[in-house]
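> Show me the folded form of this:
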Amino acid sequence: MDTHGRLIAGSHNRNEFILINADEVGRVTSVKELSGQICQICGDEIEITTDGEPFVACNECALPVCRTCYEYERREGNQACPRCKTRYKRIKGSPRVDGDEEEDEFDDLVNEFDLRRDPHHSFYEHSSRLNFATHKSCISGFATPYEVDAAGPSHDVPLLTYGEEDDDSHALIIPPFMDPSKRVHPMQCFDTSSSISLPPRPMDPKKDLAVYGYGTVAWKYRMEEWRRRQADKLEIINHQGSGGDPDDADLPKMDEGRQPLSRKIPIPSSKISPYRMVIMLRMVILGLFFHYRILHPVNDAFGLWLTSVICEIWFAVSWVLDQFPKWFPIERETYLDRLSLRYEKDGKACELAPIDVFVSTVDPLKEPPLITANTVLSILAVDYPVDKVACYVSDDGAAMLTFEALSETSEFARKWVPFCKKFNIEPRAPEWYFAQKVDYLKDKVHPAFVRERRAMKRDYEEFKIRINGLVSMAQKVPEDGWTMQDGTPWPGNNVRDHPGMIQVFLGNNGVQDVEGNELPRLVYVSREKRPGFDHHKKAGAMNALIRVSAVITNAPYMLNVDCDHYINNSKALREAMCFMMDPICGKKICYVQFPQRFDGIDRHDRYSNRNVVFFDINMKGLDGIQGPIYVGTGCVFRRQALYGFDAPTKKKPPGKTCNCLPKWCLCCFSSRNKKKSNENSKKIMKKMKKMMESSTRIHALENIEKGTEGSDSEKLSLVSQIKSENSSIIMTQIKFEKKLGQSPVFVASTFLEEGGVLPGASSASLLKEAIHVISCGYEDKTEWGKEVGWIYGSVTEDILTGFKMHCHGWRSVYCIPKRPAFKGSAPINLSDRLHQVLRWALGSVEILLSRHCPIWYGYGCGLKPLERLSYINSVVYPLTSLPLVAYCTLPAVCLLTGKFIVPEISNYASIIFMLMFLSIAVTSILEIQWGGVGIDDFWRNEQFWVIGGVSSHLFALFQGLLKVLAGVDTNFTVTSKGGDDGEFSELYVFKWTTLLVPPLTLLFLNIAGVVVGISDAISNGYESWGPLFGKLFFAIWVILHLYPFLKGMMGKQKNVPSIIVVWSILLASILTLLWVRVNPFVSKDGIVLEVCGLDCD
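Below you'll find the predicted structure:
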């Protein structure tokens, strides 16, 4: 689509379309043809089916394979075609094997059950086929599908005994349909009356089953020879890099490009088996622990005991919700070379699927344009065909600063993109590339690299100056608003009331890089905003990008990244395509999630910004069930999945019935029922194809009604026929418009599973539709935000969107490349980190109180039970803040009052407590071992779980309740108080926020409790030290978990903030009053007077 580099703005509701200032995607199809009548594995002739057609084993590539090799591969091999690796489907007349799906096209109850599973039955059947046949087939030497060779054993023909001479158990094994020239021994023709029946011979379990049921010994040798040749040639290609003889018939079947594009790597059993055993032991120990705790109350501190037991029960439930989704952890490995061999063949057009990349930004003053520009540059320079990549930048703030920054970025990209691809540098975000403290000359051999790198660094510094100049200029907004270079007022001067805007900066408009090569498409999008409409924040902006990209490029896959997450691995898109384009399992994958990695975090990571426990342990566990949850960025989606369509479903396996039942029983009781979703999906696909032709039919109807040649009767009959055909189509189209919106172009684009722009669409019509689909009222009375696109109703729309897709039966994949795919910026100071956690927890509370709560939503769909547990855990974890605050307060209360939550500990109780702590420690160690997480990262995660739980999660719980139940939206603002310069200077910035109050109070209470407890023990003597140890243990446990919080409050420890002094004085006063009230040094019964033992007289 050519816009001549001009900005397009307009409003569909106001009938405005303004050209202010400022190709169709071909679809490659391949035709698979049958290449011969000779089996490419064993060399036998391929039999003719009852329909008179050659036997076809694989419907995908039609590799010539005989039925004998086909059945052998299904029974003993990997059940897949040697060429395209597509799983063999069961063909009528063949026995079932494990994993077969139920057929739609035919009923084959005779072969429904594999009667040849019995070795005696298989041999008996084969022997009878050899001994009973017509004389005609013996003369011809080849058996048709309707006859069998007439072969009687001759005394001159040696019988196959395999070294075991048994006169009563001799057999001769001949394949049923083989050319006479390929027989092991020439057979003599006998009359049927003289044929001798051979008794069945029991099979030797030590011998190869292929000898008995699949063909002759010679056939077996040919099969093994063929496999040996493939392995040898594959080894030659891998080690020598030679493509081999192109005329070699074996080469296409052993080509590495035909192999799977990825594979699962299960955790070694030496690591995962002990882990599972410890989990089960911990469950048993938990039962014994609660049995003791409940049956042994503390009567003199019943309130404290009851509170502690309730908290411990909730902690146990929370642990179960978190632990069992990690039962089946896996890792994955991709093969990028195979992806290139399969879809990027020399001399042919690239068959890699197009990808639309979404970048979202709102306020350029809070999200620096330079960071957004680096993200866009890393996308434009990605290692992927330029005609297959389109970058869409959503400016939800309609800021002219973002628009001008993108204009500068598009100009700098003409130099940066060819530099990256010429020298293959990593990463391809210039800010981070030039900031690397590594040897940039490593592995570089080009003589001009140093010179061009210096020139590029100078160009980038000039680019930064221009961007900084734009930011400085944007600090002061003119009274009349911003104007463009030609004097036109900027359409987005009013952020809350402006038309939709689209600008194509790069791609298909004649702009090329400095070397004359094409650049990826870069599109600026700002959706329309009007007062009175709910725009749904980021989720609404992402849905607008889905629609506008479907109209302009309509790539079948989409990648979304935040504006501060750049592509750190230029092959990240290829990594995702190894899963999405896999012909075996790719069709059921809705998205590929990459882990989040961050720059600019200090080595100690005191606030657990990296969150490696979640990304390297929890997500690996989910990948072994139904896939990881969507985390909001660094995720490649299948467009069809975001449209709310169901995943392709497998049919139910056939029901098992007894072979002794008559055939009519098998017909009555065999499992032949289809899933309703399967029937619906087939009907929808048929209606989709009809709707693609509806516009042509309606146009023909209009021409007929206006007047065409022919009699009136012919016209009326033709009109009635077209109307009857179109009536159902129009009704279906109305249903789709109610779901997807009233844009015929967009609705029609959703039917194209492989993507691509609608044929025959002009640039002008596409531009008008693009403006239409980003209008503010487009989603009214549709399913957008409910069943389609990003789901509304929570500030964490990512969890809700992934949950809905999993409910539709889709599965997701977790991809961890050796080089991190994406890197972003993380808030490293305490206050910003707490506010980030607050937002996540608030979104979880909103989902918990909505109809999409995984506790009660989505039953009877494609969501697996363990996957549901993980989603339940992701929405109920803010509730843990209440028992956590109570449990962290208990040690201080026990120390101040002299009470304790546990009665006098017996030997049995001591053993249970020791086993409990030991099981917790062993579970953590084993998770660290199979997850590859450092012990420092694991401990930091535990610390911040307590810090976030007693602050952000607590506030999110009350804020969510007020928002959902009372409609009160409360915000917590952050005010900066100062900072330092230098590396990680933001780490020491102190920003006061209300979130700091609960953990600060808990910290002071426990410190005061420790002081009071030790003072009391010193005063009362050594006998009081025994009961004190248990109380001190819990208090120190709380203090150690809150230690990073204390360091964050103290900053660099040069100047203590005044707020700390105020809180210290306030809490000290409260503790002093408590001290006077409790008075632990005085007995509760008053002063005890004793008789002095000295004689004063």
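> so who does residue 798 touch?
Listed by Cβ atoms under 8 Å, 6 or more residues apart in numbering, the contact set of residue 798 reads 629-632. The C-beta positions use only the backbone N, C-alpha and C, and glycine is treated the same way.
> Which one (most neighbours) among those?
residue 630 (26 neighbours; other Cβ atoms under 10 Å).
> Going by secondary structure, residue 592 is in what exactly?
Taking DSSP states H and E as the definition, residue 592 sits inside strand 589-593.
> and the next helix or strand after that strand, what does it pack onto?
The first helix or strand that comes after strand 589-593 along the chain, using DSSP H and E, is strand 597-599. Here strand 597-599 touches strand 822-825, going by 3 or more Cβ pairs under 8 Å, 6 or more residues apart in numbering; DSSP states H and E.
> For the strand it packs on, which strands pair with it and how are they oriented?
strand 566-567 (antiparallel), strand 597-599 (parallel) (DSSP bridges).
> tell me the mean pLDDT over it?
Computed over strand 822-825, the mean pLDDT rounds to 89.
> sorry, back to before: which ones among the contacts of residue 798 map onto strands?
Using DSSP state E, no member of the contacts of residue 798 sits in strands.
> Adding distance to residue 269, write those residues out as CSV.
Shown next, in CSV, are those (distance: Cβ to Cβ, whole Å):
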residue, distance to residue 269
629, 27
630, 30
631, 29
632, 34
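> From these, pick the one nearest residue 402.
residue 632 (20.4 Å; Cβ to Cβ).
> Residue 562 is in contact with the closest one, correct?
Yes. With contact defined as Cβ atoms under 8 Å, residue 632 reaches residue 562; the gap is 7.3 Å.
> show me where pLDDT drops low in the stretch 701-850 of the chain?
701-733, 828 (pLDDT under 70).
> quick one, helices of it?
Taking DSSP state H, counting those that start in this stretch as the test, the helices found in the stretch 701-850 of the chain are 712-740, 744-749, 763-773, 797-807, 830-848.
> What of the stretch 551-700 of the chain?
Under DSSP H, counting those that start in this stretch, the stretch 551-700 of the chain gives helices at 572-580, 612-613, 619-623, 639-642, 663-669, 676-692, 694-706.
> go on, the stretch 901-1050 of the chain?
907-931, 935-949, 952-961, 997-1020, 1025-1041, 1043-1050.
> circling back: summarise which helices and strands the strand holding residue 592 is packed against.
helix 572-580, strand 635-638, helix 797-807, strand 811-814.
> Please name the residues that touch residue 773.
Counted by Cβ under 8 Å, 6+ apart, residue 773 has contacts 544, 547-548, 550-551, 741, 743, 746.
> Return the member of the residues you listed nearest to residue 71.
Of the contacts of residue 773, the one sitting nearest to residue 71 (Cβ to Cβ) turns out to be residue 550, at 45.2 Å.
> count of residues packed around the nearest residue to the closest one once chain neighbours are set aside?
Distances taken as Cβ to Cβ, 6 or more residues apart in numbering place residue 749 nearest to residue 550, at 4.6 Å, with adjacent residues excluded. The tally of other residues near residue 749 (other Cβ under 10 Å) stands at 24.
> quick one on the thing from earlier: nearest to residue 870 among the helices and strands packed on strand 589-593 would be which one?
Nearest of the helices and strands packed on strand 589-593 (Cβ to Cβ): helix 797-807, 9.8 Å.
> Put the alpha carbons of the closest one into PDB.
Written as PDB, here are the backbone C-alpha positions of helix 797-807 (Å, rounded to 0.1, in the frame of the first residue of the first chain):
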ATOM      1  CA  GLU A 797      -4.700  -7.700  30.500                       C
ATOM      2  CA  ASP A 798      -1.900 -10.000  29.700                       C
ATOM      3  CA  ILE A 799      -2.900 -12.700  32.200                       C
ATOM      4  CA  LEU A 800      -6.600 -12.500  31.100                       C
ATOM      5  CA  THR A 801      -5.800 -12.700  27.400                       C
ATOM      6  CA  GLY A 802      -3.600 -15.700  27.800                       C
ATOM      7  CA  PHE A 803      -6.200 -17.400  30.000                       C
ATOM      8  CA  LYS A 804      -8.900 -16.900  27.400                       C
ATOM      9  CA  MET A 805      -6.800 -18.500  24.700                       C
ATOM     10  CA  HIS A 806      -6.000 -21.500  26.800                       C
ATOM     11  CA  CYS A 807      -9.700 -21.900  27.500                       C
END
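> buried residues in it?
Buried residues in helix 797-807, counting neighbours by 16 or more other Cβ atoms under 10 Å, are found at 797-807.
> ok and the strand holding residue 592 relative to helix 797-807, angle-wise?
150 degrees (axes from the mean of the first three to the mean of the last three Cα atoms, to 10 degrees).
> could you dump strand 589-593 to PDB, C-alpha only?
Listed next in PDB are the C-alpha coordinates belonging to strand 589-593 (Å, rounded to 0.1, in the frame of the first residue of the first chain):
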ATOM      1  CA  ILE A 589       0.200 -23.100  19.400                       C
ATOM      2  CA  CYS A 590      -1.400 -19.700  20.100                       C
ATOM      3  CA  TYR A 591       1.700 -17.900  21.300                       C
ATOM      4  CA  VAL A 592       5.400 -18.300  22.000                       C
ATOM      5  CA  GLN A 593       6.500 -16.500  25.200                       C
END
